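Trainee: I'd like to go over a predicted model; first the sequence, then the structure.
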Amino acid sequence: MKDTKTKEHIARIAKASTYFIFRNGPVNKLHKENKVSDEELKEMQEYMQNHLAYLYEVLLEEGNLKKYELIMNTMNQFYVNDDTEVVLADEGFDSLYDQLFPKSSNIILK
């Protein structure tokens, strides 16, 4: 990573993504039922955030879409063995965002 500010930003995105995707998911129930220890949960969480940070670094820092596509295609070809439909799950953040930042004009930020 080129600079400290970018590195910190990518780390924050990776940690937030991990918490949003992983920590709030089914593993939370397993943890509450003592089926996953604190140490195991922390190890899985760090593993996920470190790998997400790498993917974000490739996309945001390097801007290398070819490298990112190679990673994704490799993972899909060798490790993803299902036809499960991906459903966007915002966990209520879209609604929260709309409440915090109501649209006051016809201008839409993209």
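Mentor: Noted; the coordinates are in hand.
Trainee: grab the most central residue of this structure for me.
Mentor: By Cα atoms, centre = their mean, the chain has its centre lying nearest to Ser17, at 3.3 Å.
Trainee: which non-adjacent residue is nearest that residue?
Mentor: Leaving aside its sequence neighbours, Ser17 sits nearest to Leu52 (Cβ to Cβ, 6 or more residues apart in numbering; 5.3 Å). Every residue, glycine included, has its C-beta placed from N, CA and C.
Trainee: so what's the residue count around Lys5?
Mentor: 9 (other Cβ atoms under 10 Å).
Trainee: enumerate every residue touching it.
Mentor: Residues in contact with Lys5 (Cβ atoms under 8 Å, 6 or more residues apart in numbering): none are found.
Trainee: ok so, going back, mind listing residues that contact the helix or strand where the residue nearest to Ser17 lies?
Mentor: Per DSSP states H and E, Leu52 falls inside helix 38-56. If you take Cβ under 8 Å, 6+ apart as the criterion, helix 38-56 is touched by 10-11, 13-15, 17-19, 21-23, 27, 31, 36, 68, 71.
Trainee: write the ChimeraX selection for whichever of those residues are buried.
Mentor: Typed into ChimeraX, the next command selects the buried ones out of the contacts of helix 38-56 (criterion: 16 or more other Cβ atoms under 10 Å):
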select :10,11,13,14,15,17,18,22,23,27,36
